[in-house]
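Engineer: Sequence and predicted structure are below.
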There are 2 protein chains.
Amino acid sequence: MRPPRRYRTQRTDWKDSRTVVYRGFLDGDSDHLTFVTDARSSKIEDLAHEPRVEICWYFPQTRDQYRIAGSMEVVGAKGEAARQAQRNAAWQRMSDNARQQFLWPHPGLPRPDDPESDALFEVPAPTAEEPVGDNFCLLVLEPSEVDHLSLKQNKRWRYRKAEGGGEGGAGWTEEYLNP
Amino acid sequence: MRPPRRYRTQRTDWKDSRTVVYRGFLDGDSDHLTFVTDARSSKIEDLAHEPRVEICWYFPQTRDQYRIAGSMEVVGAKGEAARQAQRNAAWQRMSDNARQQFLWPHPGLPRPDDPESDALFEVPAPTAEEPVGDNFCLLVLEPSEVDHLSLKQNKRWRYRKAEGGGEGGAGWTEEYLNP
């Protein structure tokens, strides 16, 4: 069920940002990055409006910043078998705590501040075998441009995937830029 | 001088992201957050196209995520005296290393991979007194909505500035939400 419009932030034309947890490369060795989300999250509506995203990833110890731009695919409970197998694998890799959240009340809706409402968040851990219900979504980011800034070296590179460019560096261009 | 268009990423209608360094609240005690950037950076063009931004700030030790949405003002070398004083104060608070970068070659343009080009990045530290040249910009974010998610407590709140809402919590609404 979709929430009433008045509960939405109505900022889908903005540059919405959020923190996400990196869930590994798709199939372990492709160049597609994966994340997970809830089908009821506003991320889904934002991605339907604009699937092009940019990830910012900063590594404080090495002082490297990566900006990874590309297109984000949402893999819900329906669709082609290969993607469903990848969605199942992502579910299996998660912790019990992370899986539980997909049984919680609708994210982002008003929450009564009482013990009865709090009890709705104390649910038994669902099976690790396969996603329970339709809420669990895998997100797959196909990168098309990567900007790498090394603050330690004061060096910067931009990588772009050429039309028809493939995996493993084939079909990518490299530019050395002023930081 | 503006760089030729072919050097730009041409993604101003995308959801551009970048890592920025928080430079304190404006005047130390307002609710406006400050950052700095270079007038030659693509941030300036992006903000001219869309001044509404959202900052994501995650505190790993407390496991709190803040999403701070609002409007970003660019304070360059010209404009009203109060803002110029704030721009000067921001310049004075920075390190010599950070100030040096505003004398570097144009950020994001192609960089020849040779010692002559590298020497352009070895410039003497500019004066701490006031910004040297027009490259130094202060960015001022006026927040209008804050989404606070505590992963430790599994609790979430949304704060919105009402029309005419003021500083220090006056004129802000609080909603308690499902995480």
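Structural biologist: Looks like it came in fine.
Engineer: all contacts plus neighbour counts: C-alpha atoms, from now on.
Structural biologist: Noted.
Engineer: Roughly how far does the spatially closest residue to A:Y159 that is not a sequence neighbour sit from chain B?
Structural biologist: In this structure, A:Y159 finds its nearest non-sequential neighbour in A:E174, 4.6 Å apart by C-alpha to C-alpha, 6 or more residues apart in numbering or on different chains. As judged by C-alpha to the nearest C-alpha, to the nearest Å, A:E174 and chain B stand 11 Å apart.
Engineer: Check which helix or strand A:E174 maps to.
Structural biologist: strand A:172-177 (DSSP states H and E).
Engineer: So which residues make contact with that strand?
Structural biologist: By C-alpha atoms under 8 Å, 6 or more residues apart in numbering or on different chains, the surrounding residues in contact with strand A:172-177 are A:155-162, A:165-166, B:107-113.
Engineer: ok, and for that strand, which residues are buried?
Structural biologist: A:W172, A:E175, A:Y176, A:L177 (16 or more other C-alpha atoms under 10 Å in any protein chain shown).
Engineer: go on, stretch A:89-98?
Structural biologist: Buried residues in stretch A:89-98 (16+ other C-alpha under 10 Å): A:A89, A:A90, A:W91, A:Q92.
Engineer: List every C-alpha atom in the strand or helix carrying the first one, with coordinates, as PDB.
Structural biologist: Using DSSP H and E, A:A89 maps to helix A:81-93. Taking Å, rounded to 0.1, in the frame of the first residue of the first chain, the C-alpha atoms of helix A:81-93 are listed here in PDB:
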ATOM      1  CA  ALA A  81      15.400 -15.500 -12.800                       C
ATOM      2  CA  ALA A  82      19.100 -14.400 -12.800                       C
ATOM      3  CA  ARG A  83      18.200 -11.200 -10.900                       C
ATOM      4  CA  GLN A  84      16.000 -13.100  -8.500                       C
ATOM      5  CA  ALA A  85      18.900 -15.500  -7.700                       C
ATOM      6  CA  GLN A  86      21.100 -12.400  -7.000                       C
ATOM      7  CA  ARG A  87      18.400 -10.900  -4.800                       C
ATOM      8  CA  ASN A  88      18.200 -14.200  -2.900                       C
ATOM      9  CA  ALA A  89      22.000 -14.300  -2.500                       C
ATOM     10  CA  ALA A  90      22.000 -10.700  -1.100                       C
ATOM     11  CA  TRP A  91      19.300 -11.700   1.400                       C
ATOM     12  CA  GLN A  92      21.300 -14.700   2.500                       C
ATOM     13  CA  ARG A  93      24.400 -12.600   3.100                       C
END
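Engineer: is the helix or strand just after that helix anywhere near chain B?
Structural biologist: Next helix or strand after helix A:81-93 toward the C-terminus (DSSP H and E): helix A:96-100. No - on the criterion C-alpha under 8 Å from any C-alpha of the partner chain, helix A:96-100 is out of touch with chain B, staying 11.1 Å away.
Engineer: now for helix A:96-100, which elements pack on it?
Structural biologist: Packed against helix A:96-100, as judged by 3 or more C-alpha pairs under 8 Å, 6 or more residues apart in numbering or on different chains; DSSP states H and E, are no other helices or strands.
Engineer: With that, I have no additional questions.
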